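A.B. asks: Take this sequence and fold it.
(2 chains)
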Protein chains: 2
Amino acid sequence: MVTAQPALIGIDWGSTSLRAFLIAADGKVLQEHAAAKGASTLHGHPAFVAALDEVTGAWRAEYPSLPLLACGMVGSQHGWLDVPYASCPAGSTDLAAGLRTPDDTLLAIVPGVLCDDGVLPPDLMRGEETQIVGALAHHPALADSCVVLPGTHSKWTHVAQGRIVRFATHMTGELYAVLRQHSVLGRLMAPEVAPSDDAFLRGVAAARDAGELGLPHQLFAARSLGVTERLPHAVLAEYLSGLLIGHELRAGLAWRTAHGLAHQPLAMVGAPALCERYQLALRHFGQPAGLVLDNTAPAGLLALARAAHLI
Amino acid sequence: MVTAQPALIGIDWGSTSLRAFLIAADGKVLQEHAAAKGASTLHGHPAFVAALDEVTGAWRAEYPSLPLLACGMVGSQHGWLDVPYASCPAGSTDLAAGLRTPDDTLLAIVPGVLCDDGVLPPDLMRGEETQIVGALAHHPALADSCVVLPGTHSKWTHVAQGRIVRFATHMTGELYAVLRQHSVLGRLMAPEVAPSDDAFLRGVAAARDAGELGLPHQLFAARSLGVTERLPHAVLAEYLSGLLIGHELRAGLAWRTAHGLAHQPLAMVGAPALCERYQLALRHFGQPAGLVLDNTAPAGLLALARAAHLI
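C.D. replies: Here you go, the predicted structure:
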């Protein structure tokens, strides 16, 4: 067996964590390091230099000529270097043109993307653009599609001719976290979540059928379901998760239709367990399940390194 | 001038605070005591007895025959005594029939109200039913009306023939608090709120015109408005307030129409500054301003004491 030669050191550098990849020319991840060195936990140039050395130093010693490319919140105003956003429509070429490098380093950082039609408030992503590029690299059918990235700040993205033309972010995961930890609803919940597809799907159905009732009402109603013991406290967190993901799907599917994407492919990119939850909810909306992809950042970083002629 | 004789010691005993009133037979509040002795801050029968003595002891020494009546979270499962909810439709007679008294005390506690049509999740109130009874005592035209009680958990109430027939709660105030204190949106805000009707009404308009976009998206968009400096950080809290109140009004007004109340009187009961904010938002929805009432709990307690033949 011949070991593939590494072509790139790629880093998915988010707010709270960092994953570094030694990537072969065919996209294979040869080695991986993870560290709790998120961009929001580091302050000042030397701290970022030290974190970069920690996770990539051994690879750079062994392969000194490899380029380094990072995506994510490391490029934000609270990260290492505030890399200006690329504007929609944004594809690989646009993103590659926007790479920036902190002084005295060899690391290039991918820009985030700004969606601004001049009518609605603007929307922002950092890191997801690279995952989308990675998804498209392996699945050319997604060149005209709807790509959903579930998470703390879920993104619904309209991709046309291989470029991100618009997107909408939903604060789903963050709402779940703050309501669990800090609300009267959360105080009613059991400390440990008892997994329950039934409670989750009850929440999804409540969102789907909400009519004009609205989420702020349904959040209080979730508490009332607990107080009146119509729903065991142990599964209230699952109901809340279903309610919030259901509201995201409701808005996201309407957005998808409004932009003529109802018959385009739908792909979900993210942690498999979370994507499976979204797929379950999607079926409850009567929608066919889409493609699910995990960890597309390395493929995206490789594609962007090529587009920028770093390799 | 003849000083009116007191007829009742009434207590509005909520989760976080307590207000006690010495009430005359004509509804006039002769004296008032407030204390930071909310029901959620007290644990066990002796603590409640001590708090009651502290705020009413002097009055009881002077007027030993006066009845005592309390409303609010003191009657919840986390309060002094879990007083069973009255079911909708609930008027003064129904509430008076549900009074309960903790052992070895002279205090009667008003039940909360349960709204349960068997289709939607149930909804709950404790304390607001007494404020509604008080509003009706002074304004007979509200016997068939929509009464809104803005706050941490805003209530929209359908009153028919003087009874609460249904209601819907919106977690507006609590969402504002948890998002300000614990979200990425809150972290972007200035520590002090700069009052701005303009930013508030921009938030109201965003909610009014949201279409299917949904609140979780608009919360992230509010952050993006801050990050891209389309909205000064100093007024982001006002925008958030407008967005949340706007979503409540949007849902509440649709609910009002769905229940045939669009042409009935609309009254708001609550703190004047908050009600004024709601009125401002209401006008932005093209709705005429309603009646605003403050501190109707004493009148409600008096009416319920009469209905229960305590006086």
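
A.B. asks: pLDDT score assigned to the residue of the stretch 1-150 of chain A found nearest chain B?
C.D. replies: Nearest to chain B in the stretch 1-150 of chain A, going by Cβ to the nearest Cβ, is A:Pro121, at a distance of 4.0 Å. Where you see a C-beta, it was placed from the backbone N, CA and C, and this is true even at glycine. What the model reports as pLDDT for A:Pro121 is 91.

A.B. asks: can you pull the contacts of A:Ala177?
C.D. replies: If you count contacts by Cβ atoms under 8 Å, 6 or more residues apart in numbering or on different chains, A:Ala177 has them with A:Thr152.

A.B. asks: On the three-state scheme, it is what?
C.D. replies: helix (DSSP: H, G, I helix; E, B strand; the rest coil).

A.B. asks: From A:Ala221, how far out is it?
C.D. replies: 20 Å (Cβ to Cβ, to the nearest Å).

A.B. asks: Please enumerate the helices of the stretch 201-311 of chain A.
C.D. replies: Ranges of helices within the stretch 201-311 of chain A are A:215-227, A:236-258, A:272-284, A:297-307, based on DSSP state H, counting those that start in this stretch.

A.B. asks: just checking, what packs against the longest one?
C.D. replies: To tie it back to what came earlier, the one meant is helix A:236-258. strand A:154-160, strand A:163-170, helix A:172-182, helix A:184-188, helix A:197-208, helix A:215-227, helix A:272-284, helix B:215-227 (3 or more Cβ pairs under 8 Å, 6 or more residues apart in numbering or on different chains; DSSP states H and E).

A.B. asks: Worst mean pLDDT among the ones you listed?
C.D. replies: helix A:184-188 (a mean of 91).

A.B. asks: which secondary structure elements does that helix contact?
C.D. replies: Applying 3+ Cβ pairs under 8 Å, 6+ apart, one finds that helix A:184-188 contacts helix A:172-182, helix A:215-227, helix A:236-258.

A.B. asks: now with 10 Å?
C.D. replies: Contacts defined by 3 or more Cβ pairs under 10 Å, 6 or more residues apart in numbering or on different chains; DSSP states H and E place helix A:184-188 against helix A:172-182, helix A:215-227, helix A:236-258, helix B:172-182.

A.B. asks: Chain B contacts on the stretch 51-200 of chain A?
C.D. replies: By Cβ under 10 Å from any Cβ of the partner chain, the part of the stretch 51-200 of chain A that sits against chain B consists of A:76-78, A:85, A:114-116, A:120-124, A:152-156, A:168-179, A:181-187.

A.B. asks: rerun at 8 Å
C.D. replies: Residues of the stretch 51-200 of chain A lying near chain B by Cβ under 8 Å from any Cβ of the partner chain: A:77, A:114, A:116, A:120-124, A:153, A:168-172, A:174-175, A:178-179, A:181-185.

A.B. asks: Can you flag the buried ones in these?
C.D. replies: A:114, A:116, A:120-124, A:153, A:168-172, A:174-175, A:178-179, A:182-185 (16 or more other Cβ atoms under 10 Å in any protein chain shown).

A.B. asks: For the closest residue to A:Val165 other than its chain neighbours, list the residues it contacts.
C.D. replies: Nearest non-adjacent residue to A:Val165, counting by Cβ to Cβ, 6 or more residues apart in numbering or on different chains: A:Pro89, 4.6 Å away. With contacts defined as Cβ under 8 Å, 6+ apart, the neighbours of A:Pro89 are A:Ala160, A:Arg163, A:Ile164, A:Val165.

A.B. asks: for A:Asp94, same thing?
C.D. replies: With contact set as Cβ under 8 Å, 6+ apart, A:Asp94 has these partners: A:Ala86, A:Ser87, A:Arg163.

A.B. asks: got the buried residues for the helix or strand harbouring it?
C.D. replies: Element membership for A:Asp94, per DSSP states H and E: helix A:92-97. Within helix A:92-97, the residues that count as buried by 16+ other Cβ under 10 Å are A:Ser92, A:Asp94, A:Leu95, A:Ala96.

A.B. asks: can you tell me the average pLDDT over that helix?
C.D. replies: 98.

A.B. asks: again with stretch A:101-108
C.D. replies: 96.

A.B. asks: Which of the residues in that stretch are classified as buried?
C.D. replies: Neighbour-count burial for stretch A:101-108, counted by 16+ other Cβ under 10 Å, picks out A:Pro102, A:Leu107, A:Ala108.
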